[in-house]
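Participant: Here you go, sequence then predicted model.
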Amino acid sequence: MTTHSDPPQESFRLSMLLYDTRYRSMTIQVVALIGFMLAAAWLINNTMQNLAALGKPVEFGFFTEPSSYDINQHILEYDSRDTHLRASFIGLLNTIIVAVLGCVTATIVGVLVGVLRLSKNWLVAKIMAVYVEMFRNVPVLLWIVLAMAILIESLPRPSAFRGDDPDATMKIFDSVALTNRGVYVPEPLLSNSLGNIHLFGQSSLRMDVSLDLLALVVVLGLSIFAARKVTARAERIQNATGERPTTWYINLGIILIPSAILLTALGLHLGYPELKGFNFGGGIHMRNSLIALWMALGLYTAAFVAEIVRAGILAVSHGQTEAAAALGLRPNRVMQLVVLPQALRVIVPPLISQYLNLTKNSSLAIAVGYMDITGTLGGITMNQTGRELECVLLLMLVYLTLSLIISSVMNWYNNRVKLVER
Amino acid sequence: MTQKAFVRTEMLPEQDPPPTEAGIVGWIRENLFSGWLNTLLTLLAIGVIYYVLSGLLPWIFQSVWNAGSLDECREIMKATWGETHGHACWAVIKDRWLQLLYGFYPPYPVYPDANFGEAPVGHWLPAYFRPNLALVLLFAALAPVLFDRVPRKMLVFTAIYPFVMPWLMWGGSVWTPVGIAAGFAILFAVIRYGQVAMGFLLAVIVGVLAALLWWGLIMGYVTAGLDQIVPIAIPSVESREFGGFMLAILIGVVAIGLSLPIGIVLALGRRSDLLIIKSLSVGFIELIRGVPLITLLFVASVLLNYFMPPGTDFDIIMRVMIMVTVFASAYTAEVIRGGLAALPKGQYEGADSLGLDYWQAQRLIIMPQALKISIPGIVSTFIGVFKDTTLVSIIGLLDPIGLSQGIRANQEWNGIYWELFAFIALLFFVTCFGMSRYSMWLERKLQKGH
């Protein structure tokens, strides 16, 4: 009887590509890749043929042509002689504005509702439950058009503010005018402004950056830095002696006083909206479309945020609270030091994905005529130039970029607060 | 030293709790007025409820049901209550509810010009028979999936339903859905019987090729031939006549039904060890999840025809369904991936140690557990997709919101908002709330296993 010290040399056979697990995965992948590439080639080929038949080669030259349409809500200067690229840029800024406003509102309202839903007060908890279910189970588009309809239909016309005995009056010490053409709020004005710096020359990205704002940001940044130093010192003293010096009034002073001095030096005053002719002038004019979109998105997302917050707080086991109480911590310290840090770990990732949803939902602006990136690049620019392929693909690319930025923030946060396990 | 201690020898009779701590009064004290803050909140809440209801209830109930136009409504309101403000004009719903539910779908497709309520002579089917039957059959098809008390044999019907439903909705020859179903039958037959001879992988590839061959080349001739021999057909309905809540349900059901299998495949692809499969899946999922649905609908409305060979022209509802399915699949895939990741590694290793191959392990061990974990997520994705079907109004389809704009553009109902919105919101609320309650019920039921 002979023994073999090594297995018989197998020659490679073609069937091994299918039956041998060593090669099979390779086969599957190659087949999948070929299939994918064939499909992609087929689609691109079809597209090229169709576009050639229509006489529309893929090119982006139209971006430098004048847009010849107006955007009613713009924070940078823009007029219809500007290029399509500039219009898209303004649209992108509008998307970002409504997304940020919406996220802030959603967070504030959501946290409040989520906490109140856990309230021991039965009535309050039920009202909050009704709020959450009502907003979650009705499409956001309906909320947006409803908000727009409420603003247009139920607010007074600017002419109603006129006369000796007007039908409507301005709210909050005569400073805010709620009209069916939009909301006018006071604007901060500076009597001795530092002026602007103009960036990016005459290109489509050109913008004026206010030096006053820059100065304010710098001063505030320095103040916060100093305040953190004070807090760090208090920590050190507490660690060394066990006594924590009271710091809140020092911090408050450090943060507020320099900014206040700066603003006084610049001569801050408020410019109130005033009725001029048939409409209001002065102040900041927020269009109905912006407000409707902002409120609808904010309140709709708040319902989801509330559920996330509630789940996060419930996820911290009761033993944690009890143990902290047993250590002698006061209730607010228990919340601050024990419950919140653990709840936040559960809350923040889904919260950021809600921010992502809100940003994507802001594309519904097109339903109320708010000129965001979908309304400019994917709306009027597309219809005027007839460049559907380029516009839609670019639009998707813009949203994809925004999404990737937000989700990379999420990943960064996740890694930072991840439980370090054994 | 004697020490006298008093020890009671008999138990005292149990006393009732004080009346302020028990019963309704106790409950109210405990839950509504336990402290000054709580009392304040309660009073505030009562104020809010009163404010909302005092506006809402008269609006809902002191309303006009019979009128032909908004002006007429307002006249009736003036005559009855002396003001037009604060009273609903439900007459618009009474006038247009069929449109809001069915769009312009013909009530009696045999007689396309017949109106609702005036059934043509000799016609015995009730109005909107076909969409209503499709809906009823939908519940019948879903029953064995949703409730485990229903006999398993019903699953056969669930498998047939995807071919019955389009035929009922769009009509036409019966042989087209039969032909499409035959393609799937070929696919399964090849896999089932070819597996022994060729092995699973090769059988799948051959089966897919055979099915594609059947659909692409042979089916057309066969169905045309069958139409000649045995012509069974019902009147067909154009896609542009679809609309209303029916359209929302149709798009939602198709997208949800198709997204589950595609989502499972994508989720498996994303967790696969095979680099190319994995990167293709990741790329697809992240691309779709990174863009808003409205851009995908733009793709459906303006780009999808470019992607097809010159000359093909398939209708907008079909294109929208494709894109909404694509959208839903990416989200479902992520939910299922979460379920797969939550499964303990021991389950995978256990399946391996039993000698199961990849597909057996997935089918028998992994998927049943992973799907169970991901049910809440899947249902909330479904709810989201169903709500998002309203976006089709932006590209001009007549879903309820699109129709509400159309109704308002009408001279009689120009300027009517709240009644229409309330009706549409109610439709969606009932459906979505029902789905979320079902998911909670299912979650509780599945929890008992542990």
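Facilitator: Now that the structure is in, tell me what you want to look at.
Participant: OK, now which residue of the stretch 51-200 of chain B is nearest to chain A?
Facilitator: Closest to chain A within the stretch 51-200 of chain B is B:Gly199: 6.0 Å, counting by CB to the nearest CB. Every residue, glycine included, has its C-beta placed from N, CA and C.
Participant: so that residue sits right up against A:Tyr19, yeah?
Facilitator: Yes. Using CB atoms under 8 Å, B:Gly199 and A:Tyr19 qualify as a contacting pair, with a distance of 6.0 Å.
Participant: list the contacts for A:Phe36?
Facilitator: Each residue near A:Phe36 by CB atoms under 8 Å, 6 or more residues apart in numbering or on different chains is listed here: B:Leu280.
Participant: Work out for me the element it sits within.
Facilitator: Secondary structure from DSSP states H and E places A:Phe36 in helix A:21-54.
Participant: Which is the succeeding secondary structure element to that helix?
Facilitator: Using DSSP H and E, the first helix or strand after helix A:21-54 is helix A:84-117.
Participant: That following helix - what's its average pLDDT?
Facilitator: When pLDDT is averaged over helix A:84-117, the result is 92.
Participant: got it, and stretch A:211-230?
Facilitator: Rounded mean pLDDT across stretch A:211-230 is 90.
Participant: Contacts for that stretch, please.
Facilitator: By CB under 8 Å, 6+ apart, stretch A:211-230 touches A:190, A:193-197, A:247, A:250-251, A:254-256, A:258-259, A:262-263, A:266.
Participant: buried ones in that stretch?
Facilitator: Buried residues in stretch A:211-230, counted by 16 or more other CB atoms under 10 Å in any protein chain shown: A:212, A:215-216, A:219, A:223, A:227, A:230.
Participant: Which of the residues you listed fall within helices?
Facilitator: A:212, A:215-216, A:219, A:223, A:227, A:230 (DSSP state H).
Participant: Please identify which of the residues you listed is nearest to chain B.
Facilitator: A:Ala227 (31.0 Å).
Participant: if I look at that closest one, how far off is A:Met335?
Facilitator: Computed as CB to CB, to the nearest Å, the A:Ala227 to A:Met335 distance reads 22 Å.
Participant: so where do the strands sit in the stretch 251-400 of chain A?
Facilitator: A:268-271, A:274-276, A:279-281, A:284-286 (DSSP state E, counting those that start in this stretch).
Participant: Each with direction, which strands does the first one pair with?
Facilitator: The sheet places strand A:268-271 alongside strand A:187-190 (antiparallel), with pairing taken from DSSP bridges.
Participant: Please save the CA atoms from the partner strand in CSV.
Facilitator: Taking C-alpha atoms only, strand A:187-190 is exported to CSV below (Å, rounded to 0.1, in the frame of the first residue of the first chain):
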residue,chain,number,x,y,z
GLU,A,187,-33.4,94.1,9.6
PRO,A,188,-30.2,94.9,11.6
LEU,A,189,-28.5,98.0,10.1
LEU,A,190,-25.1,99.5,10.9
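Participant: list the buried ones in stretch A:335-351?
Facilitator: By neighbour count on 16+ other CB under 10 Å, the buried set for stretch A:335-351 is A:338-339, A:342-351.
Participant: how about residue 416, phi and psi?
Facilitator: Picked chain A for this. phi -70, psi -40 (degrees, to the nearest 10).
Participant: wrong one, chain B
Facilitator: According to degrees, to the nearest 10, B:Ile416 has phi -100, psi 120.
Participant: go on, A:Val209?
Facilitator: Here is the backbone geometry of A:Val209 (degrees, to the nearest 10): phi -100, psi 130.
Participant: rewinding a little: widest-spaced pair of the buried residues of stretch A:335-351?
Facilitator: Across the buried residues of stretch A:335-351, no pair lies farther apart than A:Val338 and A:Pro350, at 21.3 Å, counting by CB to CB.
Participant: For chain A, see how far away B:Ile424 is.
Facilitator: Distance of B:Ile424 to chain A, given as CB to the nearest CB, to the nearest Å: 6 Å.
Participant: just checking, that residue touches B:Gly402?
Facilitator: No. In this structure, B:Ile424 is not within contact of B:Gly402 by CB under 8 Å, at 10.5 Å.
Participant: okay, those two: which has more neighbours?
Facilitator: Legend: neighbour count by other CB atoms under 10 Å in any protein chain shown for B:Ile424 and B:Gly402, higher for B:Ile424 (25 against 20).
Participant: quick one, what contacts the nearest residue to that one once chain neighbours are set aside?
Facilitator: If the residues on either side of it in the chain are set aside, B:Ile424 comes closest to B:Pro400, at 4.4 Å by CB to CB, 6 or more residues apart in numbering or on different chains. Applying CB under 8 Å, 6+ apart to B:Pro400 gives the contacts B:100, B:244-245, B:248, B:390, B:393, B:424, B:427.
Participant: Export those as a markdown table, with columns for secondary structure.
Facilitator: Below are the contacts of B:Pro400 laid out as a markdown table (DSSP: H, G, I helix; E, B strand; the rest coil):
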| residue | secondary structure |
| --- | --- |
| B:Leu100 | helix |
| B:Gly244 | helix |
| B:Phe245 | helix |
| B:Ala248 | helix |
| B:Thr390 | helix |
| B:Ser393 | helix |
| B:Ile424 | helix |
| B:Leu427 | helix |
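Participant: Could you dump these into JSON lines with pLDDT added?
Facilitator: Shown next, in JSON lines, are the contacts of B:Pro400 (pLDDT from 0 to 100):
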{"residue": "B:Leu100", "pLDDT": "90"}
{"residue": "B:Gly244", "pLDDT": "90"}
{"residue": "B:Phe245", "pLDDT": "92"}
{"residue": "B:Ala248", "pLDDT": "93"}
{"residue": "B:Thr390", "pLDDT": "93"}
{"residue": "B:Ser393", "pLDDT": "92"}
{"residue": "B:Ile424", "pLDDT": "94"}
{"residue": "B:Leu427", "pLDDT": "93"}
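Participant: Need the max-distance pair from these.
Facilitator: B:Ser393 and B:Leu427 (14.1 Å).
Participant: of the two, who's got more company?
Facilitator: Per other CB under 10 Å, whichever of B:Ser393 and B:Leu427 has more neighbours is B:Ser393, with 26 against 18.
Participant: Tell me who's in contact with that one.
Facilitator: A:141, A:367, B:399-402, B:405.
Participant: Filter the residues you listed down to just the ones in helices.
Facilitator: By the criterion of DSSP H, membership of the contacts of B:Ser393 in helices covers A:141, B:400-402, B:405.
Participant: returning to what we had before: pipe the strands of the stretch 251-400 of chain A into JSON lines and attach mean neighbour count per row.
Facilitator: Shown next, in JSON lines, are those (neighbours: other CB atoms under 10 Å in any protein chain shown):
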{"stretch": "strand A:268-271", "mean neighbour count": "13"}
{"stretch": "strand A:274-276", "mean neighbour count": "14"}
{"stretch": "strand A:279-281", "mean neighbour count": "16"}
{"stretch": "strand A:284-286", "mean neighbour count": "16"}
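Participant: Can I get those in TSV including distance to A:Ala177 and mean pLDDT?
Facilitator: Shown next, in TSV, are the strands of the stretch 251-400 of chain A (distance: least, CB to CB, whole Å; pLDDT from 0 to 100):
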stretch	distance to A:Ala177	mean pLDDT
strand A:268-271	13	80
strand A:274-276	8	78
strand A:279-281	5	77
strand A:284-286	9	83
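Participant: Can you name the helix or strand that B:Gly346 falls in?
Facilitator: Going by DSSP H and E, B:Gly346 is part of helix B:345-353.
Participant: How about residues contacting the next helix or strand after that helix?
Facilitator: For helix B:345-353, the following helix or strand on the C-terminal side (DSSP H and E) is helix B:358-361. Outside helix B:358-361, the residues that touch it by CB under 8 Å, 6+ apart are B:200, B:348, B:351-352.
Participant: now stretch B:103-118
Facilitator: By CB under 8 Å, 6+ apart, the residues outside stretch B:103-118 that reach it are B:98, B:119-120, B:123, B:125, B:127-128, B:130-131, B:171, B:234-237, B:240-244, B:246-247, B:398, B:403.
Participant: Any regions of the chain where pLDDT drops low?
Facilitator: Since no chain was named, I'll use chain A. Scanning chain A with the threshold set as pLDDT under 70 gives A:1-10, A:18, A:419-422.
Participant: that answer is for a different chain, and I need it for chain B
Facilitator: For chain B, the ranges with pLDDT under 70 are B:1-2, B:117, B:448-450.
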